[in-house]
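In: Fold the following, please.
(2 chains)
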There are 2 protein chains.
Amino acid sequence: MLSSTARTRLGRSKERGSTDRNDLYEMLDAGLICHLGVVADGYPMVVPTGYGRIGDTLYLHGSTGARSLRAAAGGEVCVTVTHLDGIVLARSVFHHSVNYRSAIVYGRARLVTDEEERMAALRALTEQLAPGQWDYARPPDRKELAATAVLALPLDEASVKIRRGAPSDEDADYALPMWAGVLPLVTAWGEPLPDPALADGIGIPVHISDRK
Amino acid sequence: MLSSTARTRLGRSKERGSTDRNDLYEMLDAGLICHLGVVADGYPMVVPTGYGRIGDTLYLHGSTGARSLRAAAGGEVCVTVTHLDGIVLARSVFHHSVNYRSAIVYGRARLVTDEEERMAALRALTEQLAPGQWDYARPPDRKELAATAVLALPLDEASVKIRRGAPSDEDADYALPMWAGVLPLVTAWGEPLPDPALADGIGIPVHISDRK
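Out: Residues are numbered from 1 along each chain as shown, chains lettered A, B, ... in the order given. Predicted coordinates:
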């Protein structure tokens, strides 16, 4: 159950909200990147970045030198994950919309210093983007770890919104001789492209070729 | 040409930056939604929302009651549009990455009050999401217009980043017997789904059925 706060309470379209914590997990687990919002030097800044989840903690990472990460460490952040599922074509311009699933998480990001937690977080981040790769690829060495900052954000304050299905038009507009419906947006994996520098005879592993 | 400021100067991965204004237009024009960042009650807030572009102005809109819109009107915002093109599978965990195109626009959002500019902005917003629909669907009436806030953001301060192509591994890692390459992410339109309430005999217009 997601509790309601001043930041997560939905002002409008309340029917689109969900307070089911499983919906939050599902939306986060199905995503590839998030948009991280911070206040840097007094200004809002939104950057796309990877993430991973372990239980009720969301992990972010980045170069220790990145401005967004420096602003996020120990500060208030907002992490948004959005899945766009289709364009809702209504009979009126006003009721045009999109079908989507989104999760917005608010909170204070903690810089992770414990080495064991850092490694678990990096594994979750890698597996979110590329399942199977943590055990397949070369693990990070000491120098690479030193260049990487890891942040933890508790999933304590979050809102989930979902819009599905047909347009919702004004009663009078249903009589208009106009097509209405949904144009779905479909995302799929393409054919894997081998690195031109790949040595001969190295086959593609199934966790990449069979990715769903 | 995009000029460099403290906010748009790239600290890292400078080779991924572009200062070509046409790249900015291309990335914005190819998008469907943006992530709008504001500072609301002192906290960062990131919401997915539609947008449109006319020349060097980006337009946003929303309910006059929306908390994000109220925080954006007259205030500093950051608008980010991200296209995720693929997962970059490197030989080391550290060099895993994504191929992407992103535009980040910073600036102060102006509440648009001129009725002619508001209508032009709403047309641009509608056409961005659903080309052809502005002239096809019922235009907004007085009540709907009164419920809609329109914001304008100048494209004065923006950064563009692009990552394309194969992984970039450490020299020593190319000898590892490991597959590396790119798993492309492909987005396409699905089959249009008619509104179950659609009256008989209304065909789908070509601007929807043939959308590229």
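In: And the strand or helix carrying A:A120, what does it pack against?
Out: Take DSSP states H and E as the rule and A:A120 turns out to sit in helix A:115-129. Helix A:115-129 sits against strand A:52-54, strand A:57-63, helix A:133-136, strand A:148-154, with contacts defined as 3 or more Cβ pairs under 8 Å, 6 or more residues apart in numbering or on different chains; DSSP states H and E. To be clear about C-beta, it is placed using only N, CA and C from the backbone, and glycine gets the same treatment.
In: Please tell me I have it right and A:T148 contacts A:L122.
Out: Yes: contact criterion Cβ atoms under 8 Å: A:T148 and A:L122 qualify, at 7.2 Å.
In: Which of those two has more residues huddled nearby?
Out: A side-by-side neighbour count of A:T148 and A:L122, using other Cβ atoms under 10 Å in any protein chain shown, places A:L122 first with 23 against 18.
In: so who does that one touch?
Out: Contact analysis of A:L122 by Cβ atoms under 8 Å, 6 or more residues apart in numbering or on different chains lists A:61, A:140, A:148, A:150, B:93.
In: can you list the weak-confidence ranges in chain A?
Out: A:11-12 (pLDDT under 70).
In: top strand in it by residue count?
Out: strand A:76-89 (DSSP state E).
In: Please write out the alpha-carbon positions of it in CSV.
Out: Provided in CSV are the C-alpha atoms of strand A:76-89 (Å, rounded to 0.1, in the frame of the first residue of the first chain):
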residue,chain,number,x,y,z
GLU,A,76,16.0,15.7,-2.4
VAL,A,77,15.3,14.0,-5.7
CYS,A,78,12.3,13.0,-7.8
VAL,A,79,12.6,9.8,-10.0
THR,A,80,10.0,9.3,-12.7
VAL,A,81,9.6,6.1,-14.8
THR,A,82,7.1,6.4,-17.7
HIS,A,83,5.8,3.8,-20.1
LEU,A,84,4.0,5.3,-23.1
ASP,A,85,1.5,2.7,-24.4
GLY,A,86,-0.5,4.6,-27.0
ILE,A,87,-2.1,7.8,-28.3
VAL,A,88,-5.7,8.3,-27.3
LEU,A,89,-7.6,9.9,-30.3
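In: gap between that strand and the chain center?
Out: 8 Å (Cα atoms, centre = their mean, to the nearest Å).
In: if you look at whatever helix or strand comes next after that strand, does any of it touch chain B?
Out: Where DSSP H and E defines the elements, the next helix or strand beyond strand A:76-89 is strand A:97-108. Yes: shown here: strand A:97-108 in contact with chain B (Cβ under 8 Å from any Cβ of the partner chain) through A:98, A:100, A:102, A:104, A:106.
In: Among those residues, which one lies nearest to B:D41?
Out: A:Y106 (11.0 Å; Cβ to Cβ).
In: I figured that closest one hits A:E76, correct?
Out: Yes: in this structure, A:Y106 is within contact of A:E76 by Cβ under 8 Å, at 7.4 Å.
In: Burial check on the closest residue to A:H96 other than its chain neighbours, number of neighbours?
Out: Leaving aside its chain neighbours, A:H96 sits nearest to A:A90 (5.2 Å; criterion: Cβ to Cβ, 6 or more residues apart in numbering or on different chains). Using other Cβ under 10 Å, A:A90 is surrounded by 24 other residues.
In: again, but for the one 5 residues further on
Out: For A:H95, the number of neighbouring residues by other Cβ under 10 Å comes to 19.
In: cool, and the one 5 residues further on?
Out: Other residues near A:Y100 come to 20 when the count uses other Cβ under 10 Å.
In: can you check A:V206 too?
Out: Neighbour number of A:V206 under other Cβ under 10 Å is 9.
In: which phi and psi does it have?
Out: Dihedral pair for A:V206: phi -60, psi -30, per degrees, to the nearest 10.
In: What's the separation between it and B:W179?
Out: Distance check for A:V206 against B:W179: by Cβ to Cβ, to the nearest Å, it reads 11 Å.
In: Could the C-alpha coordinates of stretch A:112-123 be exported in PDB?
Out: The C-alpha coordinates for stretch A:112-123 follow below in PDB (Å, rounded to 0.1, in the frame of the first residue of the first chain):
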ATOM      1  CA  VAL A 112      25.900   4.400  -0.600                       C
ATOM      2  CA  THR A 113      29.400   3.800   0.900                       C
ATOM      3  CA  ASP A 114      29.100   0.200   2.100                       C
ATOM      4  CA  GLU A 115      31.000  -1.900  -0.400                       C
ATOM      5  CA  GLU A 116      28.600  -4.900  -0.200                       C
ATOM      6  CA  GLU A 117      25.600  -2.700  -0.800                       C
ATOM      7  CA  ARG A 118      27.400  -0.900  -3.600                       C
ATOM      8  CA  MET A 119      28.100  -4.200  -5.400                       C
ATOM      9  CA  ALA A 120      24.500  -5.400  -4.900                       C
ATOM     10  CA  ALA A 121      23.200  -2.100  -6.300                       C
ATOM     11  CA  LEU A 122      25.500  -2.200  -9.300                       C
ATOM     12  CA  ARG A 123      24.300  -5.700 -10.000                       C
END
